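Participant: Build me a structure from this.
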Amino acid sequence: MTQHHIAIVDDHPLFRDALKQVLATSFADLRLSEAGSLEELSKILNEGDVDLVLLDLSMPGVQGYSGLLYLRSLDPGIPVVVVSANESPSTIRRCLDFGASGFIPKSSPVPTIQKAIAAVLQGEIWAPADGDMDLADAPDTAALVERLSTLTPQQVRVLMMLGEGLLNKQIAYQLGVSEATVKAHVSAILQKLHVESRTQAVIAVKKIESGEFGDIKADSL
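Facilitator: Numbers count the residues shown, from 1 in each chain. A predicted model of the protein is given here:
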């Protein structure tokens with residue numbers, strides 16, 4: 001039997017331990033890694049061989065869907081299942097829009113978690129059966145989702161930091177790059193998102209954090 005390598009990303013050690021126990025007793029041949037931040041996850045991914053990432057939406061330094069967006073841009077070939085306490089249909093739908101292969105509510109019973117992970121490992125898409133996700137998207141919402149998906153991992157990080165109100169020199173310091181590099185990333189972000197200013201880019205990232213896309217004006221993006 002092929003060994004599967006699953007990475008659990010959650011900033012709560014107790015939840016990571018509980019999920020590890022569920023997985024260890026559910027699958028015969030399994031390698032588990034855990035991370036409390038996206039930085040720790042990046043190190044795990046650099047080692048390769050990760051078959052699935054279980055990702056919490058809300059962690060320090062990460063809000064809304066920005067963590068999922070960053071992870072999908074970092075390695076789009078690795079399936080990501082969001083494991084979250086936010087079980088609203090709009091949240092589940094948006095996670096799938098941003099490229100998640102599944103969504104597991106943290107309140108799910110163990111058999112459901114087992115079934116969901118097994119399905120995704122087999123290449124399927126998993127979502128709660130009782131969630132009504134038949135939500136109509138405005139054209140500008142779909143356009144923003146598509147544009148955000150074109151950002152590189154570093155551009156996603158810069159966009160997240162813009163949303164925190166950081167200046168170019170502060171972003172450069174945190175990323176260990178030059179201010180000129182940050183300026184180039186900002187220019188690329190504005191171009192890809194079809195916005196003209198950092199302010200409009202920040203509005204976009206706030207929409208990522210809140211998941212409220214409905215009132216974004218197409219002519220401003």
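
Participant: what packs against the helix or strand bottoming out on mean pLDDT in the chain?
Facilitator: Here the helix or strand of the chain ranked lowest by mean pLDDT, DSSP states H and E is helix 139-148, holding a mean of 73. Helix 139-148 is packed against helix 179-193, helix 198-210, with contacts defined by 3 or more Cβ pairs under 8 Å, 6 or more residues apart in numbering; DSSP states H and E. Where C-beta positions appear, they are placed from N, C-alpha and C, glycine not excepted.

Participant: looking at those, which one has the lowest mean pLDDT?
Facilitator: Of all the helices and strands packed on helix 139-148, the minimum mean pLDDT falls on helix 198-210 (a mean of 78).

Participant: In it, which residues are buried?
Facilitator: 201-205, 207-208 (16 or more other Cβ atoms under 10 Å).

Participant: Repeat that for stretch 21-35.
Facilitator: 23, 27, 30, 32-35.

Participant: how does this protein divide up, domain by domain?
Facilitator: The record, using automatic domain parsing to delimit domains, assigns the chain the ranges 4-121, 139-220.

Participant: now those as JSON lines including distance to Ala129?
Facilitator: Formatted as JSON lines, the domains of the chain follow (distance: least, Cβ to Cβ, whole Å):
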{"stretch": "domain 4-121", "distance to Ala129": "9"}
{"stretch": "domain 139-220", "distance to Ala129": "22"}
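
Participant: for the residue positioned nearest the centre of the chain, helix, strand, or coil?
Facilitator: The chain has Leu68 as the residue nearest its centroid, 0.5 Å off, counting by Cα atoms, centre = their mean. Classification of Leu68 by DSSP: H, G, I helix; E, B strand; the rest coil places it in helix.

Participant: got it, and the one 3 residues further on?
Facilitator: In terms of secondary structure, Leu71 is helix; the call rests on three-state DSSP.

Participant: thought it was touching Val53?
Facilitator: Yes. Between Leu71 and Val53 there is a contact under Cβ atoms under 8 Å: 6.5 Å.

Participant: Which one of the two is surrounded by more residues?
Facilitator: Val53 (28 against 25; other Cβ atoms under 10 Å).

Participant: Just give me the neighbour total for Ala7.
Facilitator: Ala7, neighbours per other Cβ under 10 Å, totals 22.

Participant: Which secondary structure elements does whichever strand or helix holds it sit against?
Facilitator: In this structure, Ala7 is located in strand 4-9 according to DSSP states H and E. Applying 3+ Cβ pairs under 8 Å, 6+ apart, we find strand 4-9 packed against helix 13-26, strand 30-35, helix 38-46, strand 52-55.

Participant: Tell me the strands beside that strand, with direction?
Facilitator: Sheet neighbours of strand 4-9, with direction, are listed as strand 30-35 (parallel), strand 52-55 (parallel) (DSSP bridges).

Participant: so where's the protein uncertain?
Facilitator: Judged by pLDDT under 70, the chain has its weakly predicted residues at 1-2, 61, 63, 130-141, 208-221.
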